[in-house]
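Peer 1: prediction below, plus the sequence it came from.
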Amino acid sequence: MNLAIARNLSFRSFKAALLGLALAGACSSAWAQTVVDGAWVRATVPGQPSTGAFLTLTASTASTLLGAQSPVAGTVQIHQSSMKDDVMRMLPVEQVPLPAGTPVVFDTQGYHIMLIDLKQQVKEGDQVPLTLTLVDDQGTRQTLDVTATARALNQPDHAGHDAHHGH
Amino acid sequence: MTDSLTRRRLLAGIGVLSLGTLAGCSDSNKLSFKYGKDLSNQILGRTFRLKDTQGNEKTLSSFRGMMPMVFFGFTQCPAVCPTTLARAAQIKKLMGRDGDRLQVIFISLDPERDTPQVLDAYVKIFDPTFVALSGTLEQTAATAKEFGVFYEKIPAGPTYTISHTSTSFVFDSRGTLRLGLSQSLTAQECTEDLLTVMEVC
């Protein structure tokens, strides 16, 4: 909702609107001109030190995801998995390009956010805060606050089918 | 020593069974699957010796009479491991009563971090009958090798992740390797092929 309005504003008034939102303590799952959809985290069992976070990012202007942070994890990294000859390969990546207007899916089959050194068990239904750091093609850095809902560890399939928009 | 003894006993058992296909087992050494890969002519995973989460030593013959479906992974795996285990749980349900004979076995490729407690809680979230096995680093390497499973630690900042083969290996109830199920197959597709294995033995 906030987003739909914000998108129609000029960038300057958009920033002002954001400031207003921040002052009002409003929590939006989108920041600046990047839209976040269906953010979720896979729940863990006690003692499991890491898990994955999944979402879809759509930037209105060409941007780059530089990283993420979360109060629930000591380290947050972006990884990319790929499947070849039934071998699942994992690779940490420094950044992820977000082409203008193209949804970039972070799911179990490709890019995903790794929450490492978890400070506590992530239980189904938990609201996990994530802060994404992005930079647009003008070099402007932005942070984006996201709340990801924890889904059951035994969730059969990857994100997207029943992703909730907003919270 | 015990190993060769067990194998001899197993072979003797197979001999008896094949005499009159007493248990309804066919000696077919080639199967045709709709989705998976026929591994009937491959000898893999015969001699592994690992511990379950209670500390009991397990070998392939510990699961005789069941249809073992073996998958390698690690609990910090964000994607392929939980989705494959969730698929295995779905398969077991889709198989109905035959699913009681499916024994899902998760072998840890990360014994340094996968403690028995975490492994136990992890697999049982998917299905209480699932078994997790692990060993020392050497046993893990030897087990992966005898299954032809590739795995590799990938450094990731202060930690690491693991690239690995995501195939599920299915044995018939006599312990003969039969089927390789790719990670890309659906639960329904896997179930069809598993029922084919069950028809053989």
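Peer 2: Structure received.
Peer 1: look at stretch A:39-52 and report the distance between its end residues.
Peer 2: 11 Å (C-alpha to C-alpha, to the nearest Å).
Peer 1: go on, stretch B:53-69?
Peer 2: In terms of C-alpha to C-alpha, the two terminal residues of stretch B:53-69 are separated by 17 Å.
Peer 1: and stretch B:115-124, how far from the chain's centre?
Peer 2: Distance of stretch B:115-124 from its chain centroid, counting by C-alpha atoms, centre = their mean, to the nearest Å, is 17 Å.
Peer 1: and that stretch, is it in reach of chain A?
Peer 2: Yes: using C-beta under 8 Å from any C-beta of the partner chain, we find that stretch B:115-124 touches chain A at B:115, B:117-118, B:121-122. All C-beta spots, glycine's among them, are computed from the backbone N, C-alpha and C.
Peer 1: show me which residues of that stretch are buried.
Peer 2: If you call a residue buried by 16 or more other C-beta atoms under 10 Å in any protein chain shown, then stretch B:115-124 has these buried ones: B:115-116, B:118-124.
Peer 1: grab the nearest non-local neighbour of the residue in chain B that chain A sits nearest to.
Peer 2: Of all residues in chain B, B:Pro78 sits closest to chain A, at 2.9 Å by C-beta to the nearest C-beta. Leaving aside its chain neighbours, B:Pro78 sits nearest to A:Gly52 (2.9 Å; criterion: C-beta to C-beta, 6 or more residues apart in numbering or on different chains).
Peer 1: and if you look at B:Phe130?
Peer 2: Per C-beta to C-beta, 6+ apart, closest to B:Phe130 is B:Val123, 4.1 Å.
Peer 1: can I assume that neighbour sits in a strand?
Peer 2: No: applying DSSP: H, G, I helix; E, B strand; the rest coil, one finds B:Val123 to be helix, outside a strand.
Peer 1: confirm for me that B:Glu57 is in contact with B:Phe48.
Peer 2: No: look at B:Glu57 against B:Phe48 with C-beta atoms under 8 Å: they stay out of range, at 10.5 Å.
Peer 1: show me what B:Ile105 bridges to in the sheet.
Peer 2: With DSSP bridges as the criterion, B:Ile105 is bridged to B:Val70, B:Val131.
Peer 1: what sits against the most centrally placed residue in chain B?
Peer 2: Geometric centre of chain B, nearest residue: B:Val70, 1.3 Å, by C-alpha atoms, centre = their mean. B:Val70 makes contact with B:45, B:105, B:107, B:147, B:168-171, according to C-beta atoms under 8 Å, 6 or more residues apart in numbering or on different chains.
Peer 1: ok, now how distant is it from A:Ala150?
Peer 2: 29 Å (C-beta to C-beta, to the nearest Å).
Peer 1: what's the closest residue to B:Glu112 other than its chain neighbours sitting at in phi/psi?
Peer 2: Leaving aside its chain neighbours, B:Glu112 sits nearest to B:Leu137 (7.2 Å; criterion: C-beta to C-beta, 6+ apart). Phi and psi for B:Leu137, reported as degrees, to the nearest 10, are phi -60, psi -40.
Peer 1: so B:Leu137 makes contact with B:Pro111?
Peer 2: Yes: using C-beta under 8 Å, B:Leu137 is in contact with B:Pro111, at 6.2 Å.
Peer 1: ok, back up a step: neighbours around the residue nearest to B:Glu112, how many?
Peer 2: 10 (other C-beta atoms under 10 Å in any protein chain shown).
Peer 1: what's the pLDDT at it?
Peer 2: Looking at B:Leu137, its pLDDT reads 98.
Peer 1: swap in A:Leu115?
Peer 2: Value listed for A:Leu115 in the pLDDT field: 97.
Peer 1: setting aside sequence neighbours, what's the nearest residue to it?
Peer 2: A:Ala73 (3.8 Å).
Peer 1: please report how far that neighbour lies from A:Ala53.
Peer 2: 9 Å.
Peer 1: what's the overlap in contacts for these two?
Peer 2: A:Leu115.
Peer 1: can you show me the strands along chain A?
Peer 2: For chain A, strands defined by DSSP state E occupy the ranges A:34-42, A:50-59, A:63-69, A:73-84, A:87-93, A:96-98, A:104-106, A:111-118, A:127-136, A:141-151.
Peer 1: how far is the fourth one from where the chain is centred?
Peer 2: Relative to the chain's own centre, strand A:73-84 is displaced by 13 Å; criterion: C-alpha atoms, centre = their mean.
Peer 1: tell me which other helices or strands that strand touches.
Peer 2: Where contact means 3 or more C-beta pairs under 8 Å, 6 or more residues apart in numbering or on different chains; DSSP states H and E, strand A:73-84 is packed against strand A:63-69, strand A:87-93, strand A:111-118.
Peer 1: just name the most buried of those strands.
Peer 2: strand A:111-118 (a mean of 22; mean count of other C-beta atoms under 10 Å in any protein chain shown).
Peer 1: okay, the angle between that one and strand A:127-136?
Peer 2: Between strand A:111-118 and strand A:127-136, the angle comes out at 130 degrees (axes from the mean of the first three to the mean of the last three C-alpha atoms, to 10 degrees).
Peer 1: give me the contact list for strand A:111-118.
Peer 2: A:41, A:44, A:48-55, A:68, A:70, A:72-81, A:93, A:96, A:104-106, A:122, A:128, A:130, B:78-79, B:156-159, B:161.
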